[in-house]
Structures are given as C-alpha cells and as structure tokens.
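Engineer: No sequence on hand, only this structure:
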C-alpha cells in the first residue's frame, strides 16, 4: 500500500508552518516566502519497515568503464565531457528564444540514430514540433515524440519502457499530482525533478531537462534544482544574434571549461569550426575598433570590440555597453580620465562586443580602454595588432592567463602582434609589452588614413 503523503506550508525565512498557502508570513511579515513541502506520515513506521543497506569496498563498486552516448554533433559531446552518461540527469537553461528547443531537437535526432530516444514536450503541440523538425531537415522517422504535462506519466513511461534517453521540454510546465500548487512554482519544479530523477536513476536512462531563466539570468527555481542534477548546461547569446555559446556550469562527469560555439541559420544551429574568423569576417579597421584575444573556457577567440565616443547633448553623459559589464566600463573610463590626458566627462560612450557575445574576463580591460581612446582621438591601432591585458586602478597593465593560447590564435588569424603586459613569461617577437594604459595609447595609436 502506498504511503500517504501530506502537504504542509513552511516559511523559508522564519520556519513558521501553516496548513494552507498564504502570500504573507504572519510571523516574519515577509511576502512570497511560504512554500509547499511534502511531509511523509508515520516516520517511525517507515524506519521500522526499512531494511539494512548492503555495502562493499569502494574499488568493487567503481564502474571501470563509464559508457557514454555520443551523437553526430561533436561540439555538444565535447561540452558534456565525451557524450551523455547513462543514467545521468542533465539540465539545459537559457533565455527565451535563444534556441534551446532548436538545439535539443537537433541533438535528439542525432542521438536517435543509434539509441531509442523519447522527446516529451509540455509547451508545444506535436504539430508545432513536427513543423520545426521539417524546417531543420532532420529524419522524422527516428525520434519518438509525446506531449504531456504530467510528471507522474513521464516517470511511469521511463520506468516501464526501455528508452535510452528521455528529453523533457520544459520542467517549468510539468506538474505532479502529489502537490496541489500550480505548475512552475518552486515546489512543483523541485518535486517533478526529484520524481523524474529517481525514475531515470532506477532504469539507467539519460534524462535531459529544459529549464527557464529569470530576468537576472539565473535558472528559474531554487538553487537546489541545480544540485539535484548531474550536469548543468547554459546556452548563451543575444536572442537575435547569430552566435550562441553552450557552456557547462556543472559537470560531475567531466570538465567545466569546454564550450561549444554555434551559429543560428535557417536550418538550425550549426557548429562553428573557426569562430575567430567568422566574427572578424565583416570587420573594418577604423578608429574605435580593437580586436581582443578572449578566452571562452579553454578556447581562444578573437573578438572585435567597438567604441563610439561623441560629445553629449545633455548635462549628464551617457554610457552604454552591449556584451560588457556597465559598472566595469565606468571604472575604466575613470581610470582613463585620471591616468591619461583623455577628457571624457562631457562625452557619450558606447561599447559593443560584436557577434552578441558577453565578455566578463578582466583581460578585456585594455582592449576597452584602447577602443575608447581610439574613438575619442580618431586614431586606429598600428601594426594590425590584437590586445589582451587587465587594467589596474593606477593605470598599470597586468598579465592575463593562458597568453600562449591567445598568442597562437593571433598567429593563426594572421595578425602582426599582440599588445599585453610586461609581466608575461613568454618570449616571442610578436609580443609588444606595455606597462601602463597611457603608454599603450601613446605607442600604438596612429592617424587614420
């Protein structure tokens, strides 16, 4: 006989317990802190009916050969660490419209060539998914497709059928009958994830879940959702930008430094073999344009950084950054004004990372400063150079990690030199070392011709 489950409502701020949900906690007066929690009745009876666990030495329990399920899309397999692990639970998240459903449908059809795959959609009808598959030009006879919003039905299907891989799109639309809260709530998301995870682990089925993100860019639902799964993938990129990056933020079976770079085309997301060349293809070498040797994971990528400096028409100058942290931009502008002769207090400054990428590493500081200096003075870089360096508050240039990889990518793309810190430990004739941002602007900017 199944154990009876009761629901109680607990405030995650003060711990107060309620019989029903309320928007405000009467104890601590906080709003939206009361959550539904499953409580199993009769703890003593459960303990009494349990059985002793079997144990063994660790060496006998370790699997000598962890089998992975590979596809014909090597970029995704590399990000996962060599492919999907049997019995693993994988979560992929991203902004609405970034291409999560597109890349998963392509991946599902690729896996279905050698495995039995079930794609469960809780958001779209079978007809809509069929139209997308037709647009992507994939073999529509390989993949099994189902539509459902019931986590109970999906879990039963995983247990009773023999699918190798099950994809659920998305976890926010799935509900379980054990909880009375609406779909998409914190309790439903965690409850459904636990239910599907248990079913997948019991049957050694690889499970892929699609997750939404909040306005802040975090995965919707509590942080515990990320702890419940084995792998967390993030698909990044501007909604209307062509380039997308698939990165791993958590991987129990491999590295979190690998990334996959894709380009959105009419036939879906296509792997980019040489992202640096693709991003610099339409570049015009003019003032305000600087090439930065970025590092995404362990892969070096040359990215164009554009700056536009124009005298403001208002009393307060405007600063705008696309793909770069605005607070960091304001700090670098302050350093330029204090440590160089540039006067930017009455100038509007606009920064754009070409290709829709987001640059977070400090190594982009020098490239941003040189792009602003180039645009402000109407000058461009000498010697067809690439830039990489961190800028301190005193205007000094600090070294960056993995300079050897950045240098190799610079040579590969045919650039003449790389501008970086004097503190690097690499000796190469292509390296132009500078000690301060002032020296960099004075030495490597020339009149446009």
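Structural biologist: Here it is on my side, so go on. On a predicted model such as this, the values are computed, not experimentally measured, just so you know. Residues are numbered from 1 along each chain as shown.
Engineer: Now do the same contact list for residue 204.
Structural biologist: Going by CB atoms under 8 Å, 6 or more residues apart in numbering, residue 204 touches 86, 87. Quick note: C-beta positions are derived from backbone N, CA and C, even for glycine.
Engineer: confidence score at it?
Structural biologist: For residue 204, the model assigns a pLDDT of 91.
Engineer: and it, how far is that from residue 327?
Structural biologist: Taking CB to CB, to the nearest Å as the measure, residue 204 falls 47 Å from residue 327.
Engineer: same check, this time on residue 79
Structural biologist: Per CB to CB, residue 79 is found 30 Å from residue 327.
Engineer: Which one's more surrounded, those two?
Structural biologist: residue 79 (24 against 10; other CB atoms under 10 Å).
Engineer: wait, doesn't that one sit right on residue 260?
Structural biologist: Yes. Look at residue 79 against residue 260 with CB atoms under 8 Å: they come within range, at 4.7 Å.
Engineer: what touches both of the two?
Structural biologist: Shared contacts of residue 79 and residue 260 (CB under 8 Å, 6+ apart): 246, 247.
Engineer: List the neighbours of the biggest helix by length in the chain that are in contact with it.
Structural biologist: If you go by DSSP state H, the chain has its longest helix at helix 186-203. For helix 186-203, contacts defined as CB under 8 Å, 6+ apart pick out 35-38, 87-89, 151-152, 154-156, 158-159, 166, 168, 171-172, 174-176, 178-179, 181-182, 205-207, 209, 220-222, 224-225, 228-229.
Engineer: of the residues you listed, buried ones?
Structural biologist: Among the contacts of helix 186-203, those scoring as buried are 35-37, 87-89, 151-152, 154-155, 158, 166, 168, 171-172, 174-176, 178-179, 181, 205-207, 209, 220-221, 225, 228-229 (criterion: 16 or more other CB atoms under 10 Å).
Engineer: Helices along this structure, start to end?
Structural biologist: Remark: helices assigned in the chain by DSSP H are 43-49, 58-61, 74-79, 100-111, 126-136, 151-160, 186-203, 224-228, 275-279, 326-339, 365-377, 403-412, 437-444.
Engineer: Distance to residue 289 for the ones you listed - can I get that in JSON lines?
Structural biologist: Formatted as JSON lines, the helices of the chain follow (distance: least, CB to CB, whole Å):
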{"stretch": "helix 43-49", "distance to residue 289": "67"}
{"stretch": "helix 58-61", "distance to residue 289": "56"}
{"stretch": "helix 74-79", "distance to residue 289": "29"}
{"stretch": "helix 100-111", "distance to residue 289": "31"}
{"stretch": "helix 126-136", "distance to residue 289": "35"}
{"stretch": "helix 151-160", "distance to residue 289": "51"}
{"stretch": "helix 186-203", "distance to residue 289": "44"}
{"stretch": "helix 224-228", "distance to residue 289": "39"}
{"stretch": "helix 275-279", "distance to residue 289": "12"}
{"stretch": "helix 326-339", "distance to residue 289": "17"}
{"stretch": "helix 365-377", "distance to residue 289": "7"}
{"stretch": "helix 403-412", "distance to residue 289": "16"}
{"stretch": "helix 437-444", "distance to residue 289": "13"}
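Engineer: Out of the ones you listed, which gets nearest to residue 292?
Structural biologist: helix 365-377 (3.7 Å; CB to CB).
Engineer: confidence score at the closest residue to residue 115 other than its chain neighbours?
Structural biologist: Spatial nearest neighbour of residue 115, chain neighbours left out: residue 164 (4.0 Å); criterion: CB to CB, 6 or more residues apart in numbering. On pLDDT, residue 164 comes in at 95.
Engineer: How about residue 157?
Structural biologist: pLDDT, read off for residue 157, is 95.
Engineer: Around it, how many other residues sit close by?
Structural biologist: Around residue 157 there are 18 residues (other CB under 10 Å).
Engineer: if I pick it, what's in contact with it?
Structural biologist: By CB under 8 Å, 6+ apart, the contact set of residue 157 is 118, 120, 146, 163, 166.
Engineer: Just the buried residues of these.
Structural biologist: Buried members of the contacts of residue 157, counted by 16+ other CB under 10 Å: 118, 120, 163, 166.
Engineer: which residues touch the closest residue to the third one other than its chain neighbours?
Structural biologist: Across the structure, with CB to CB, 6+ apart as the measure, the residue nearest residue 163 apart from its sequence neighbours is residue 118 (4.6 Å). For residue 118, the residues meeting the contact criterion (CB under 8 Å, 6+ apart) are 144, 145, 146, 157, 161, 163, 165, 166, 167.
Engineer: Can you tell me how far residue 118 is from residue 54?
Structural biologist: Computed as CB to CB, the residue 118 to residue 54 distance reads 32 Å.
Engineer: ok, now residue 378?
Structural biologist: 76 Å.
Engineer: neighbour count winner among those two?
Structural biologist: Higher neighbour count among residue 378 and residue 54: residue 378, with 13 against 5, using other CB under 10 Å.
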